[in-house]
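> generate a structure from the sequence data that follows.
(chains A and B)
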Protein chains: 2
Amino acid sequence: MKCEVIAVGTELLLGQIVDTNSSYIGERLALAGIDSHVQVKVGDNPERLRQILDQALDRSDAVILCGGLGPTQDDITRQAVADVMGVELETRPELVDRISAMFSRRGRDMPASNLSQAQVPVGGQAIPVQPGTAPGLCCPVGADQVIYAVPGVPWEMREMIDGFVVPDLRRRGEVTEVIASRVLRTWGHSESGLAEILAEEIVRLDGSGEATIAFLASGIEGLKVRITAKGADQNSVEAVLEQQENRVRVLLKPEIVFGIDDETMESVVLDLCRSQGLKLGLAESLTGGLIGQRLTAVPGASDVFAGSIVAYSDAVKSSLLGLGPDVSAISEQGAIAMVQGAVQALGVDCAAAVTGVAGPSPAGGHQPGTVFMATHLDDETETLMVEWPFDRQRTREFTNITVLNELRKRLLARV
Amino acid sequence: MKCEVIAVGTELLLGQIVDTNSSYIGERLALAGIDSHVQVKVGDNPERLRQILDQALDRSDAVILCGGLGPTQDDITRQAVADVMGVELETRPELVDRISAMFSRRGRDMPASNLSQAQVPVGGQAIPVQPGTAPGLCCPVGADQVIYAVPGVPWEMREMIDGFVVPDLRRRGEVTEVIASRVLRTWGHSESGLAEILAEEIVRLDGSGEATIAFLASGIEGLKVRITAKGADQNSVEAVLEQQENRVRVLLKPEIVFGIDDETMESVVLDLCRSQGLKLGLAESLTGGLIGQRLTAVPGASDVFAGSIVAYSDAVKSSLLGLGPDVSAISEQGAIAMVQGAVQALGVDCAAAVTGVAGPSPAGGHQPGTVFMATHLDDETETLMVEWPFDRQRTREFTNITVLNELRKRLLARV
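From the prediction side, this is the model:
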């Protein structure tokens, strides 16, 4: 079963919007065992869309069109599908009812232009999953091909793809194979470093066909190790992933693997503090609030995280964190004073502190990228100094994940 | 002059990486007056790339290939270009020298595999701009078509596109027309609200052909109003933009327009404080450090921004910001106490404070999205209460830009 994706919208070609929808659909298709070899972006031009659609149907069994289902003249997708099928559009009364009901639930009358959204090519069907006002389309082409059309609004698109399109494609293609993947989130080794540690395992897997391992450097989210497996059913695939995860974990050690799938460094540190009954605080200089922001992006952070003293100026480092006049703000001693000051000022059990030069200019006699970090736990302060070769943003981001990882390792050693 | 973009890489189809390169190239082409009607993503498969490339050359005068120029077997772009041209690849000694010199500057020997990067199709040339180890390609096809190949590494791609590909395309296409745009950054009106205010002006422009106006909602970056103009040369286009910017500014008023082009709400607030000799501080609850992080993402923030007290727990709101036991942490009074506490604790001239419920659960008797904000300047505290209909992340982001905009308006009124 081969399926292509065509994203429709001039704004995509002009670079005003990045096409993340196709990436999402590509990932879902891959995990569903459906091949997707080509993805195209095309503007709001009926003739060109028609040509691109014909070319896609020459190569593939199915096409997913994304976007162009709105109520305006720019929305050309419905007509293009009807043209390729060689049929007319017809208004479906049940869709008129559904769309006008959506408007009336919001206390508004349906504008006349929205009537066009109730049109479906003769012989096609509206996708039964319809989260917004735009119905999707599922239309046969000839005996054995199919075109789907879904809206460009990301959440509407996702519900239709997962709730209807992907299952329908699997049914049509009689794809019973299950593909699943698991991501081990790591920090502390480069991609080539991880590849070296896992080299023998990757060679073993290459021959076995059991699973594959891929690396994906993801900045502040760490370096992801993705294990992917195929099998006859969900249970057997889960068993392979489980087994493979364990093999990789043994090789990489807990120091490197901080989480799995949707876990983040922040959620893991919060969970460790929570399970150990510890309150967490921060003192941030060069990160300016980044670490606190990331920790509090996790719902429920409030039962662990007390707060952060963002001491950007030396005056605040001194008044709120008690940095003495003889201690340099950018130094190991500075980081130690900051983390201990944060524990005291915030009344917490453990804390992390960072100070350094984010760049682009040097400061305090240090080059950009020079960072001092400290963690405090069980009355002991530990430090780490790093010289990042990065720009301002990456220096701050890598500092964030590194200092939290230091704290994570100490919390882990405590259990 | 028509030019298509083909992004090469299986990881793009699998959704492991979002293709932002094509968006960048699309924007640059549009601003250079070069039509780009189709963009394609294709995997690391030589046959399919060849087919896609042929189809693109059937439609367009030029094709930009992005990615697949690395040193491994997956890197199929060079060979595909040679195949389409009907020629062999040849090793260019000057490229071997250039690549090995890059390695030796980093104190490393050039791996043998990188030799493949010195290969160029017979009759083609390496792009003279070469920021990384991968040379780009500029190859004629027949008498009047051209294929460019640039690396997928974003910064290398950008330097080659701006430094060579776009000027070369304009030269070949004899495009002398200049297109430029200016973005007014706004906050405080919805897209339809702005469209209403600018309705007459948009109608006037539609007829005149002088310029176009487009809106782009950009979340925490505000709502962008993009003015685009074409003309015979840079000076005349700049003059139209200048004039049009003034017309739009008069209609929208300074309350709505906070900046231009790359200015952000944060950089504008910092600039206003700097020019007025004011030190700035924050007290953040639901944003957890977001506002401080955004302010300090601006290089040079340190001469204005003193710090932020991220008071996530009620205990810290009380101990560091002096919130009394009779004041609710999530209330107008709470925001007032926080902003005044921040001014005192941080020793600053002006401050902003936010407290509220980011969600997903209600808190303190308030629904998610309930936010109280306060600003303090010249011994006066002002407040604002909002009930956002958003999720956790958007609630925090919209709070960030809204409270800074309140402070901006007050700073502006002071001049």
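> pick out the residue of the stretch 101-250 of chain A closest to chain B.
residue A:216 (5.8 Å; C-beta to the nearest C-beta). Backbone N, C-alpha and C define where each C-beta goes, glycine included.
> spit out the contact partners of that residue.
Going by C-beta atoms under 8 Å, 6 or more residues apart in numbering or on different chains, residue A:216 touches A:223-224, A:226, B:16-17.
> list phi and psi for it.
Per-residue torsions, residue A:216: phi -150, psi 110 (degrees, to the nearest 10).
> contacting residues around residue A:117?
Per C-beta under 8 Å, 6+ apart, neighbours of residue A:117: A:69-71, A:95, A:99, A:133-135.
> of all those, which two lie farthest apart?
The span of the contacts of residue A:117, defined through C-beta to C-beta, is set by A:70 and A:95 at 14.5 Å.
> picking up where we left off before, specify the beta-bridge partners of the residue of the stretch 101-250 of chain A closest to chain B.
Assessed by DSSP bridges, residue A:216 has beta-bridge partners residue A:224.
> got the contacts of residue A:117 as JSON lines, with distance to residue B:28 and neighbour count columns?
JSON lines is the format used below for the contacts of residue A:117 (distance: C-beta to C-beta, whole Å; neighbours: other C-beta atoms under 10 Å in any protein chain shown):
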{"residue": "A:69", "distance to residue B:28": "29", "neighbour count": "26"}
{"residue": "A:70", "distance to residue B:28": "27", "neighbour count": "19"}
{"residue": "A:71", "distance to residue B:28": "32", "neighbour count": "18"}
{"residue": "A:95", "distance to residue B:28": "41", "neighbour count": "17"}
{"residue": "A:99", "distance to residue B:28": "39", "neighbour count": "21"}
{"residue": "A:133", "distance to residue B:28": "35", "neighbour count": "20"}
{"residue": "A:134", "distance to residue B:28": "31", "neighbour count": "27"}
{"residue": "A:135", "distance to residue B:28": "36", "neighbour count": "26"}
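> any chance of TSV for these, columns secondary structure, distance to chain B and pLDDT?
Formatted as TSV, the contacts of residue A:117 follow (DSSP: H, G, I helix; E, B strand; the rest coil; distance: C-beta to the nearest C-beta, whole Å; pLDDT from 0 to 100):
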residue	secondary structure	distance to chain B	pLDDT
A:69	coil	19	93
A:70	coil	14	87
A:71	coil	14	84
A:95	helix	25	95
A:99	helix	20	90
A:133	coil	16	85
A:134	coil	18	90
A:135	coil	23	95
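> what segments of the stretch 301-415 of chain A are helices?
Secondary structure of the stretch 301-415 of chain A by DSSP state H, counting those that start in this stretch: the helices cover A:314-321, A:332-346, A:392-414.
> which positions in the helix or strand harbouring residue A:98 come out as buried?
Assigned by DSSP states H and E, residue A:98 falls within helix A:93-105. Across helix A:93-105, burial judged by 16 or more other C-beta atoms under 10 Å in any protein chain shown covers A:95-96, A:98-100, A:102.
> now these as a markdown table including distance to residue B:308?
Formatted as a markdown table, the buried residues of helix A:93-105 follow (distance: C-beta to C-beta, whole Å):
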| residue | distance to residue B:308 |
| --- | --- |
| A:95 | 51 |
| A:96 | 53 |
| A:98 | 48 |
| A:99 | 47 |
| A:100 | 49 |
| A:102 | 43 |
